[in-house]
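S.K.: For reference, the sequence and a predicted model appear below.
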Amino acid sequence: MRDKILNHINDAEQLEKLYRSDSSTFKEKFLLLFPEIKEEKLAQYWHARFAYNKSEISWGKKNDWVFVIVASLLAGLIAKIPAIFNIKPEFFYTRNVGFIVFPALASYFIWKRNAPIPRILFTATAFMIAAVYMNLLPDLPNNDTIILACLHLPFLLWALMGINYIGLDLRNNESRLDFLRFNGDFLILSGILVIIGALFTAIVIGLFKAIGIKIEEFYFNYLAVFAGAALPIMSTFITQSNPSLVNKVSPVIAKITSPMVLMMLLIYLGAVLFSDKDPYNDRNFLLIFNVLLLGVMAIILFSLAENSKDHENPWSLMILFALSLLTLVVNGIAFTAILFRISEWGITPNRLAILGANFLMLANLVFIAFRLFNRVVRKDEKSKVENAIANFLPIYIFWAMVVVFVFPLLFNFG
């Protein structure tokens, strides 16, 4: 980032693009660099911009609120489709829950980024194809390939939203990492809003109950549904309008979570050695093992994305290195367990999907551990750990596409 700022110090448009791609890193590097470039007019402008500490929360403009309200209402109407058209809720929500959230968020970034017409048409077409495809799949509640498609589709819709978040430069690793950081901030703020919503719900129901009015059915069928549908777009709007509101909390949470997860994994693996359960012969235990692996992998990726803003923190890098090595052990056990089950009982859609996911995570962890080894042990400052995350995102997306669109045909809805 430092070199990019120097190269474009007289290019206002490029500086603005750099800032939008990773505002936190840009600000940090610019302020360190400012003594060297303080004679430049644009540098003086940016310094004044950063020196102005706005204490109040930004609530956006009128147009922002119009967009948020309209998008929230549309998301709420999508959530109410089963009640409006008398569709089985189990059928609708398992296939369409992602369409309640991600089209509204993608639209928000299309609007804020002034996306070109081809990008808008691509996004709209992709959402429509995915929606038609998922809802034309047979109504087979216990079908493995359809269940897998329903589980993987939200990840594809999330990626489609990410394409619009990143903007034009899809190959920019910093932009991909910034998108991961946004997701961390988004989850933190969404969790806070959920807690507030739960407290508000308890107070409202309690107040009406005190005067003898049962409001629960109306509240949960209408108010709660529309509020829940509006929550993602509200969280996105707040985090984007106030980038400093949450992004100072995310690194702290990442630094606290990583050592806690490391200790938990050590204790858990030690307990497994003395347990009569094993993932090779116990299907449910293998499932729990993979859920644990997914959770730890997500924490590693989130922590590395946050830590990429502060490469000079050796303690965090050491913790993440140890965590990646331990997760490699967990992944290796899960990978060999699924290979064992395939060799013993043959290939099924579930086993092949888990095998593919485990292989990708194993390969990704090897790259991450190798880069962290170079940084922590060899003290190689040029080793870009964050690139091991950013470069693998398209591969995960490709595998999700295979599971959603190929598996049902490959296994003939088996």
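M.R.: Great, that's in hand. Numbering: from 1, shown residues only.
S.K.: all contacts plus neighbour counts: C-alpha atoms, from now on.
M.R.: Noted.
S.K.: And the next helix or strand past the worst-scoring helix or strand of the chain on mean pLDDT?
M.R.: Least confident helix or strand of the chain, by mean pLDDT, DSSP states H and E, is helix 243-246 with a mean of 69. Using DSSP states H and E, the helix or strand that directly follows helix 243-246 along the chain is helix 249-273.
S.K.: other SSEs contacting that next one?
M.R.: helix 173-210, helix 283-307, helix 314-345 (3 or more C-alpha pairs under 8 Å, 6 or more residues apart in numbering; DSSP states H and E).
S.K.: Any buried residues in that helix, and which?
M.R.: Along helix 249-273, these residues count as buried under the neighbour rule (16 or more other C-alpha atoms under 10 Å): 250-251, 254-255, 258-259, 261-262, 265.
S.K.: Next, count neighbours for residue 184.
M.R.: Residue 184: 24 surrounding residues under other C-alpha atoms under 10 Å.
S.K.: For residue 151, give its distance to residue 124.
M.R.: 21 Å (C-alpha to C-alpha, to the nearest Å).
S.K.: ok, now residue 179?
M.R.: 20 Å.
S.K.: Compare those two and say which is more crowded by neighbours.
M.R.: Between residue 179 and residue 124, counted using other C-alpha under 10 Å, the more crowded position is residue 179 (21 against 15).
S.K.: Hmm, that one is touching residue 163, no?
M.R.: No. Distance between residue 179 and residue 163: 9.3 Å, which falls outside the contact criterion (C-alpha atoms under 8 Å).
S.K.: At the geometric centre of the chain, which residue do we find?
M.R.: residue 183 (4.5 Å; C-alpha atoms, centre = their mean).
S.K.: can you put the helices and strands packed on helix 249-273 in JSON lines and add distance to residue 102 and mean pLDDT?
M.R.: Formatted as JSON lines, the helices and strands packed on helix 249-273 follow (distance: least, C-alpha to C-alpha, whole Å; pLDDT from 0 to 100):
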{"stretch": "helix 173-210", "distance to residue 102": "13", "mean pLDDT": "90"}
{"stretch": "helix 283-307", "distance to residue 102": "20", "mean pLDDT": "82"}
{"stretch": "helix 314-345", "distance to residue 102": "30", "mean pLDDT": "90"}
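S.K.: looking at the ones you listed, which is closest to residue 48?
M.R.: With C-alpha to C-alpha as the measure, helix 173-210 is the member of these nearest residue 48 (24.1 Å).
S.K.: roughly how far is the closest one from the heart of the chain?
M.R.: 15 Å (C-alpha atoms, centre = their mean, to the nearest Å).
S.K.: again with stretch 350-363
M.R.: With C-alpha atoms, centre = their mean as the basis, stretch 350-363 stands 19 Å off its chain's centre.
S.K.: residues in contact with that stretch?
M.R.: Stretch 350-363 has contacts (C-alpha atoms under 8 Å, 6 or more residues apart in numbering) with 144-145, 148, 297, 328, 331-332, 334-335, 338-339, 341-342, 395-396, 399, 403.
S.K.: Convert the C-alpha atoms of it to PDB, please.
M.R.: Extracted C-alpha coordinates of stretch 350-363, given in PDB (Å, rounded to 0.1, in the frame of the first residue of the first chain):
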ATOM      1  CA  ASN A 350     -22.500 -36.400   1.000                       C
ATOM      2  CA  ARG A 351     -19.200 -38.200   1.100                       C
ATOM      3  CA  LEU A 352     -18.000 -36.700  -2.200                       C
ATOM      4  CA  ALA A 353     -19.000 -33.200  -1.100                       C
ATOM      5  CA  ILE A 354     -17.300 -33.500   2.200                       C
ATOM      6  CA  LEU A 355     -14.200 -35.000   0.600                       C
ATOM      7  CA  GLY A 356     -14.000 -32.100  -1.800                       C
ATOM      8  CA  ALA A 357     -14.400 -29.500   0.900                       C
ATOM      9  CA  ASN A 358     -11.900 -31.200   3.200                       C
ATOM     10  CA  PHE A 359      -9.300 -31.400   0.300                       C
ATOM     11  CA  LEU A 360      -9.700 -27.700  -0.500                       C
ATOM     12  CA  MET A 361      -9.400 -26.700   3.200                       C
ATOM     13  CA  LEU A 362      -6.400 -29.000   3.600                       C
ATOM     14  CA  ALA A 363      -4.600 -27.400   0.600                       C
END
